[in-house]
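> quick one, structure for this:
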Amino acid sequence: MSYEEIIYDKDNGVATITFNRPERLNALTTNMREEILEATRDASADDAVRVLLFRGAGKAFCAGADLGARASRSEDKDAPNSKLPRDGFQEAFARVMWDLPKPAVAAINGAAAGLGFGMALSCDIRIASTAGKFASAFSRISLVPEACMTFYLPRIVGLARAAEILYTGRQVSGEEAMSMGLVNKVVEPEELEHAVNDMVQTLANAAPVAVQLTRRELYRGLEGTFSNQLEMELYHQKFAGSTLDAREGPRAFMEKRPPEFQGR
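Below is the predicted model:
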């Protein structure tokens, strides 16, 4: 598939999706949503990809939906007046990210607003520059959060903080996001690329089977029970211990060299 509003590339185990409408702060069009979903699914299915990176071109991560483009879409005007609408992208993206068999990183270089905020929350790790900022903004236009924001945000920052952020729609700066655990790291804008590259390469060099199973345990644990979690860990440990990578790791440690994990 050729892409017009995102840049999608793969290199050294890292798949990068760059939102590429900098003149509109990477606000999402219908076409852009389709391209993001296609690229995300491709990265999920490609065993050579060990890490998925989301980033924004220009001065923003993603400003959310392009409301101007949305208002002009003929299919919106002709759509049935349902009281329970469903957004195909929001649901599909949330599900593919939940089931993603590899870690995802978001590089927050500027505004992550609305659905852009939701997509960032779907990632495992968020690294922001001091120019980064988050806002849901939905309450200000009489809408509700999307892409399972109400699931992720309270689990990341706590219920009271999540309620305040979502009810008021206020901006959260990169520094404040760091203080509440919303991001993993905050750096100066000129250091963001280096910090993100360090993180994604560290993850790309990690044992992929172990990382995949650990991610599954973490996310299933968000909705599971103690007994189910313990049983899953025991099963996964037995499986992981039978892989070639489980032999390579200790061997590389004894030989004082970096391990060469193969994902099997």
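> please enumerate the helices of the stretch 51-200 of the chain.
With helices called from DSSP state H, counting those that start in this stretch, the stretch 51-200 of the chain shows them at 67-72, 74-78, 88-98, 115-121, 149-157, 159-168, 174-179, 192-204.
> adding distance to Ser136 and mean neighbour count, write those helices out as CSV.
Heads up, the C-betas are built off the backbone N, CA and C, glycines and all. Listed next are the helices of the stretch 51-200 of the chain as CSV, based on distance: least, CB to CB, whole Å; neighbours: other CB atoms under 10 Å:
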stretch, distance to Ser136, mean neighbour count
helix 67-72, 15, 12
helix 74-78, 22, 8
helix 88-98, 14, 17
helix 115-121, 6, 28
helix 149-157, 7, 19
helix 159-168, 5, 16
helix 174-179, 13, 18
helix 192-204, 23, 17
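> can you lay out the ones you listed as CSV showing distance to Ala27 and mean pLDDT?
Shown next, in CSV, are those (distance: least, CB to CB, whole Å; pLDDT from 0 to 100):
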stretch, distance to Ala27, mean pLDDT
helix 67-72, 8, 62
helix 74-78, 16, 45
helix 88-98, 14, 92
helix 115-121, 8, 97
helix 149-157, 17, 96
helix 159-168, 20, 97
helix 174-179, 20, 96
helix 192-204, 21, 97
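> nearest to Thr30, out of those?
helix 67-72 (7.3 Å; CB to CB).
> that older thread, would JSON lines of the helices of the stretch 51-200 of the chain with distance to Gln229 be doable?
Formatted as JSON lines, the helices of the stretch 51-200 of the chain follow (distance: least, CB to CB, whole Å):
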{"stretch": "helix 67-72", "distance to Gln229": "41"}
{"stretch": "helix 74-78", "distance to Gln229": "43"}
{"stretch": "helix 88-98", "distance to Gln229": "17"}
{"stretch": "helix 115-121", "distance to Gln229": "22"}
{"stretch": "helix 149-157", "distance to Gln229": "15"}
{"stretch": "helix 159-168", "distance to Gln229": "21"}
{"stretch": "helix 174-179", "distance to Gln229": "28"}
{"stretch": "helix 192-204", "distance to Gln229": "23"}
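> nearest to Gly132, out of the ones you listed?
That would be, of the helices of the stretch 51-200 of the chain and by CB to CB, helix 174-179, which comes in at 3.9 Å.
> rewinding a little: how about the helices of the stretch 51-200 of the chain, which one is nearest Met1?
helix 88-98 (15.5 Å).
> counting by contacts, list what the closest one packs against.
Packed against helix 88-98 by the contact rule (3 or more CB pairs under 8 Å, 6 or more residues apart in numbering; DSSP states H and E) you find helix 30-45, helix 115-121.
> 10 Å instead, please
helix 30-45, helix 115-121, helix 149-157, helix 208-221 (3 or more CB pairs under 10 Å, 6 or more residues apart in numbering; DSSP states H and E).
> for these, which one sits closest to Phe61?
The closest of the helices and strands packed on helix 88-98 to Phe61 is helix 115-121. By CB to CB, the value is 5.6 Å.
> can you dump the C-alpha atoms of the closest one in PDB for me?
Extracted as PDB, the C-alpha positions of helix 115-121 are listed here (Å, rounded to 0.1, in the frame of the first residue of the first chain):
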ATOM      1  CA  LEU A 115      -7.700  11.100  19.400                       C
ATOM      2  CA  GLY A 116      -3.900  11.900  19.200                       C
ATOM      3  CA  PHE A 117      -3.900  11.700  23.100                       C
ATOM      4  CA  GLY A 118      -5.800   8.400  22.900                       C
ATOM      5  CA  MET A 119      -3.300   6.900  20.400                       C
ATOM      6  CA  ALA A 120      -0.400   7.900  22.600                       C
ATOM      7  CA  LEU A 121      -2.100   6.200  25.600                       C
END
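> just want the most central residue of the protein.
For the chain, Cys123 is the residue whose C-alpha lies nearest the centre (CA atoms, centre = their mean; 2.4 Å).
> measure that one to Ala57 for me?
17 Å (CB to CB, to the nearest Å).
> do the same with Met254
Met254 is 45 Å from Ala57, where distance means CB to CB.
> ends of stretch 163-174, how far apart?
Taking CA to CA, to the nearest Å, stretch 163-174 runs 19 Å from one end to the other.
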